[in-house]
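Chemist: starting from these lines, generate the structure:
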Amino acid sequence: MGGMSDALELSFLQTNFIDTPEVYLGLFKTIPTAVSATNEVTGGSYARQLCNFPTVANPLISPEIIFPIPTADWGVVLGWGIFTAVSGGLYRCWNELSTSVNIVTGRQVVFTITLTPS
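Modeler: Alright, predicted model coming up:
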């Protein structure tokens, strides 16, 4: 497929990230790909966090997503993924972080996600 019009791109964002009841942000110790998101952070109070996009725009920008304070080291996080459930669920999209983050016990992290169609 060659591409989508701006109107279709906005419709896609609306359908998959705003009209969807809930999507969740997960953190990964490897960079996810278009077909796979493996090596998600586990343990130490880690859980995917609800990620709401308030209005349709290009790009979509989330409010701050605050993860719980780790009770154990989560390790070096290289990427993120968005899912339709807090556990399991449909894998929607991913990206690598611009800078890796070493998340250690007691270091709370906050992310803002920007989705820009190509």
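
Chemist: what does the average pLDDT come to for the helix or strand where Phe12 lies?
Modeler: Per DSSP states H and E, Phe12 falls inside helix 6-13. Average pLDDT, helix 6-13: 81.

Chemist: report the buried residues of that helix.
Modeler: Across helix 6-13, burial judged by 16 or more other C-beta atoms under 10 Å covers 10, 13. All C-beta spots, glycine's among them, are computed from the backbone N, C-alpha and C.

Chemist: okay, the helix or strand harbouring Trp80 in CSV with CA atoms only?
Modeler: Element membership of Trp80 [criterion: DSSP H and E] is strand 75-83. Taking C-alpha atoms only, strand 75-83 is exported to CSV below (Å, rounded to 0.1, in the frame of the first residue of the first chain):
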residue,chain,number,x,y,z
GLY,A,75,16.4,-3.1,34.4
VAL,A,76,17.2,-1.1,31.4
VAL,A,77,14.1,-0.2,29.4
LEU,A,78,14.7,0.2,25.6
GLY,A,79,11.1,0.4,24.2
TRP,A,80,7.4,0.5,24.8
GLY,A,81,4.2,-1.1,23.4
ILE,A,82,0.5,-0.4,23.6
PHE,A,83,-1.9,-3.2,24.3
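
Chemist: got the buried residues for it?
Modeler: Result for strand 75-83 [16+ other C-beta under 10 Å]: buried residues 75, 77-83.
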